[in-house]
Each structure stands twice: as C-alpha cells, then as structure tokens.
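*Asks:* kindly return the folded structure for what I paste below:
(4 chains)
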Protein chains: 2
Amino acid sequence: MTKSSNSDNRQILLQTALSLFARRGFSSVGVQEIVTAAGLSKPTLYHYFGHKQGLLSAILATYSPAFLARLERAADYQGDLIASLEQVAAAYFESAQAEPDFFYLMLSMNYLPAEHETEPLIQPFRLQLQNLLETLFIQAVPQHGNLRGHEVFLASSLTGSLNHQALALLKRDVARTGVSFSGQEIHQLVKHYMYGIYVL
Amino acid sequence: MTKSSNSDNRQILLQTALSLFARRGFSSVGVQEIVTAAGLSKPTLYHYFGHKQGLLSAILATYSPAFLARLERAADYQGDLIASLEQVAAAYFESAQAEPDFFYLMLSMNYLPAEHETEPLIQPFRLQLQNLLETLFIQAVPQHGNLRGHEVFLASSLTGSLNHQALALLKRDVARTGVSFSGQEIHQLVKHYMYGIYVL
DNA sequence: TTCATTCTATACCGATTGGTATAGAATGGC
DNA sequence: GCCATTCTATACCAATCGGTATAGAATGAA
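*Replies:* Have a look, this model is predicted:
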C-alpha cells in the first residue's frame, strides 16, 4: 500500500446512510440519495462498500458488537434475576438512547418479512440477542426452578415487550433532540415481567 | 352505469399484492411484478386502486375491520380479566392463522420507521388496537385497582409480547401449509402476563 | 522522480420504477 | 340497433434504480 486510507468519507457515508435507512427504510432509500446527502459520489460509496447491501452490512458490523456486548455485560447473572433483568432493560433503553438511528433500524429490520432482502443480515443479530437472554434464564433455573423449559418463551416475550415499549417511546419523542427513557419505565416493565399485574 | 362491475380482477390483484407485500415488503415489490403475477396489466390495477399506495390502502380496508372486530369481541370484559386476556390472545393468534399474509404485513408495517411512506396507513390500525386493549384494562380497574394509571403500559406490553410471540411462530412454521398456534402458548403467555414468572 | 496504489468524480449503462395516453373490447340501458 | 360506461391491453413516458467504465487526483514507497 502506498496511500494511507482516508476513511473520513467512509464514515460520512456510513452515518448518512444509517440516518436515512433509520428514517425511511432500506428499500426506500436510493444510493444516489445517500451520496448526494453525503456530498460525495457513487464510485466513492461503491469503493468502500461494494454494493448497497454491503453498506447496510457495514452499518451492522459497526454498531451491533457494542450493542450486544453492552447487553451481554448487563445480562451477567450473579444470583439475582431481577437485578439482571433491570440491568438488561436499562442497557437496552440506554443503547437506544445512545444510538437512536441504529436502534430504530434494528427494530424495524427485526420485524421485516422473512423473504425480505435484508433478512440474512439481521438474522444473526436476532439470534445472538435471543441466545443472550435465553442464557440468562437458563442460569437462573437453579434459583427459579419453575423457569425450566420456558427459557425460549421468556426470552422472546421479554424482547417483544422491550421492543414495543421502546417503539412507543421513540415515536412519542420523535421530535425531541434526545430520547429519554426514565428509570420508572424500566422498573415497571421488570416488575410486571417478574410478578405480573398485581404489583403495579 | 351500464356495465356491471367485474370485481374478479380486483380481488385477484388484491390477493396477489397482499401475498407479495407480506413476503417481501411493500417497497420491494414493483407494480409490474404484481400485475404479471396476477396475469393482468397495469391499467387494470390503476383503474381499481388509483396508485400503488391505494392498493395497500385497499388491503387494509378489506382485512383490518374483521381483524379488529374479532379482537373487540374477544376483549369484551365480563368481570374476569384473565378470561378476557385469553380470549384476546386466542383471537390474535387465530386471526394470524386465518389470514397469515395480512397478519404478517400488519406486523412488519407496525415496526416500520416513522417516516416510512406507509406509516400513515398503519397508524390508525395501531391506535385502534392500542385503544381496544387500553379500554379492556380500564374496565378491569374496579376489580384490579392496582392497574389504574398503567393501562397504556399494559396494553403496549401485551401487544409487544403477542407480536413477538407470533413472529417467532410465523418464522418457525414458515415452511408448513398452515401456521399452528397451540392453546398452550396462549395460556403460558396470559399466565405469565398476569402472575409473572413464578407460576410457570 | 518514478511508480504503484488508493481514492474520487463525470458520465454513462441497461433495467426497472410508478404512472399514463390511447384505443379497443365487453356489457347493460334504451 | 345504439350509446354510455366499464374494463382491459399495448405501448409508451420521464425518472430513478443499482452499478460501472474511464480517467484523473492524491499520496506514500522506492
């Protein structure tokens, strides 16, 4: 190599595309629109990402590791399931707050049709998240024997609640600068999840 | 009027479009692909639906009333919240089973970005569903005073759980002829929703 | 300096996008 | 029969789609 990589433009393209995809969806945003918004040209984009899907793939590769790592730390089980769940919920909402565009993109991709062109890209992410939560519940089985055999259901149900709650908050706060997730919502969600409706 | 309407082709186009939208998403399916799959031509489609969005709008107008009416009947509160919730969950899954394409389309549209071109079409549907469930919880307040003030959260959380559970089942059973939702999943979901994890 | 390599833009490609102008076929009212 | 209306197809529209051929600018290694 004789020329050091000028990855500034790569970053600009990545951010611009993320913003547009998160707001209007992958399929509805054209490559020309991305490069125009970024103040660059198509060959630059294709130099760094190869094709349109590669751009989305790079977005996932850039943001999802930190997201999943943070959740994995939060899901660390130390004998207190409630504490772990509250940490997971907090990490989930805080990640959404830290990278709202990425979070929104993940959220929408997660519910896309099975034969959608982006499904192969989101599937590993979904599986990792599901595994992460299942592992937490499996670890909690010794203290909570009644969980046994329900790990898949519990992980799926928790993800659904977190997603839908986050969606409502994102749509509600769409006009503000930052999305705010109060600790109250976290406690409410976890308490309801653990004890049902009678503790609300 | 001098010629009675031949709405067969209208129905064919509606069904074909529904099937394609449910499988690959609204934005990824072109008008030409729809009419080719239906064995018709573009002017026929534009005669009945005006534009591409009108086609999606007609799909919603055709299927959502029955879906919501069925849920409304199921959500009828007779003093037993558990019974109502089980009826709602059963109605939700049975509707998904009865019209899997429509259900999948609703599900994916529900989590699309706020500025997606189809958001105005799905918003009324989402609000009606949310209202329907909130009303149920409000009616249950006299018997369950601790619910008061949490109706919005509970309706949102329930929807999220139902959606994510339905998604998992749909993806799991994607290859089979019909999607099967066992009564076991319904009981599990409602019991967990009411009493938390300790009854599983 | 020379040269290989990286990066970027102009201009273009064929294919497809949503949508339509035109005209003809079908059909019911009269 | 005749006419109005509904429905449908061929052929077309400008615009955009994802992607690229070509060439030049920039830069580091030698």
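
*Asks:* the helices in chain A, which residues?
*Replies:* Using DSSP state H, the helices of chain A run over A:8-24, A:31-38, A:42-49, A:52-74, A:81-98, A:100-110, A:119-140, A:151-172, A:183-195.

*Asks:* export the ones you listed to TSV and append columns for mean neighbour count and mean pLDDT.
*Replies:* Yep, even glycine has a C-beta here, placed from its N, CA and C like the rest. What follows is these, written out as TSV (neighbours: other C-beta atoms under 10 Å in any protein chain shown; pLDDT from 0 to 100):
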stretch	mean neighbour count	mean pLDDT
helix A:8-24	19	97
helix A:31-38	16	98
helix A:42-49	16	98
helix A:52-74	17	98
helix A:81-98	20	94
helix A:100-110	22	96
helix A:119-140	17	97
helix A:151-172	21	89
helix A:183-195	18	89
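
*Asks:* could those helices go into CSV alongside distance to B:M194?
*Replies:* Below are these laid out as CSV (distance: least, C-beta to C-beta, whole Å):
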stretch, distance to B:M194
helix A:8-24, 36
helix A:31-38, 47
helix A:42-49, 48
helix A:52-74, 27
helix A:81-98, 18
helix A:100-110, 26
helix A:119-140, 19
helix A:151-172, 13
helix A:183-195, 10
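
*Asks:* list the contacts of the residue nearest to A:L162 when sequence neighbours are not counted.
*Replies:* Spatial nearest neighbour of A:L162, excluding adjacent residues (C-beta to C-beta, 6 or more residues apart in numbering or on different chains): A:Y92 at 5.1 Å. A:Y92 makes contact with A:71, A:74, A:162, A:166, according to C-beta atoms under 8 Å, 6 or more residues apart in numbering or on different chains.

*Asks:* and with 10 Å instead?
*Replies:* The neighbours of A:Y92, taking C-beta atoms under 10 Å, 6 or more residues apart in numbering or on different chains as the test, are A:67, A:70-71, A:74, A:103, A:129, A:158-159, A:162-163, A:165-166, A:181, A:186, A:189.

*Asks:* now do A:G54
*Replies:* A:G54 neighbours (C-beta under 10 Å, 6+ apart): A:45-46, A:48, A:61, A:121.

*Asks:* re the thing from before, between the contacts of A:Y92, which is closest to DNA strand D?
*Replies:* Checking the contacts of A:Y92 against DNA strand D by C-beta to the nearest atom of the strand gives A:F103 as the nearest, at 22.7 Å.

*Asks:* please report the distance of the nearest residue to the closest one once chain neighbours are set aside from A:L107.
*Replies:* Nearest residue to A:F103, sequence neighbours excluded (C-beta to C-beta, 6+ apart): A:A96, at 4.0 Å. Using C-beta to C-beta, to the nearest Å, A:A96 is found at 8 Å from A:L107.

*Asks:* shared neighbours of the two, anything?
*Replies:* With C-beta under 10 Å, 6+ apart, A:A96 and A:L107 have common neighbours A:162-163, A:166-167, A:170.

*Asks:* distance to B:A38 added to these, as a markdown table?
*Replies:* Formatted as a markdown table, the shared contacts of A:A96 and A:L107 follow (distance: C-beta to C-beta, whole Å):
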| residue | distance to B:A38 |
| --- | --- |
| A:L162 | 40 |
| A:N163 | 35 |
| A:A166 | 38 |
| A:L167 | 34 |
| A:L170 | 37 |
